[in-house]
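Engineer: build me a structure from this.
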Amino acid sequence: GLSRMEPDAIAEFLVAYMDDPSIPSPSEENPVVRMLKLATDDIKHFYYEAAMARPGTVTDIAIANWFWGETLMGLTFLQLRSVLAKQDDEKLLALANMALVPHHQKFRIKD
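Structural biologist: Model (predicted):
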């Protein structure tokens, strides 16, 4: 994917960031906020592709409901969003409030 990280490395990066938002970016070319966006997009794509590979017809809303409501990664994204929403950086706040959780899944935000 665009982050050039393996799925396991993405999960480790996201958990590490939630534990310590001051960690450096895993990329020399991209700041941490860009890597968070790329990494979350990559892992979400990985999950969505897996869901579409299942037999039968599935809608985008059904996939989103599964990802955001039934997977550990969806829960991780929601927790990451809470961490990002507490940061002072304008770009991190934009990621938290506009780019990480789709509008139709915002009802899952608990903070």
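
Engineer: who's in contact with M52?
Structural biologist: Under the criterion of CB atoms under 8 Å, 6 or more residues apart in numbering, the neighbours of M52 are 58, 63. Using the backbone N, CA and C atoms, a C-beta is placed for each residue, glycine as well.

Engineer: do the same with I23
Structural biologist: 16-17, 32.

Engineer: take these and keep only those in helices.
Structural biologist: Counted as lying in helices by DSSP state H, out of the contacts of I23, are 16-17, 32.

Engineer: buried only: go through the contacts of I23 for me.
Structural biologist: Those of the contacts of I23 that meet the buried threshold are 17, 32, by 16 or more other CB atoms under 10 Å.

Engineer: look up the pLDDT of A50 for me, please.
Structural biologist: Here the pLDDT value assigned to A50 is 93.

Engineer: let me know the helix or strand that it is in.
Structural biologist: helix 32-52 (DSSP states H and E).

Engineer: about what we covered before: and of the ones in helices among the contacts of I23, the nearest to L92?
Structural biologist: Proximity of the ones in helices among the contacts of I23 to L92 (CB to CB) peaks at V32, which lies at 8.4 Å.

Engineer: excluding sequence neighbours, find me the nearest residue to the closest one.
Structural biologist: Residue nearest to V32 in three dimensions, not counting chain neighbours: S25, with 4.2 Å by CB to CB, 6 or more residues apart in numbering.

Engineer: next, count neighbours for the one you found.
Structural biologist: Using other CB atoms under 10 Å, S25 has 15 neighbouring residues.

Engineer: hmm, it is touching P31, no?
Structural biologist: Yes - using CB atoms under 8 Å, S25 is in contact with P31, at 5.6 Å.

Engineer: out of the ones in helices among the contacts of I23, which is nearest to T76?
Structural biologist: Y17 (10.5 Å).

Engineer: quick one: residues contacting the closest one.
Structural biologist: Y17 neighbours (CB under 8 Å, 6+ apart): 23, 32, 36, 80, 83.

Engineer: likewise for L36?
Structural biologist: The contact partners of L36, by CB under 8 Å, 6+ apart, come to 14, 17, 80, 84, 92, 95.
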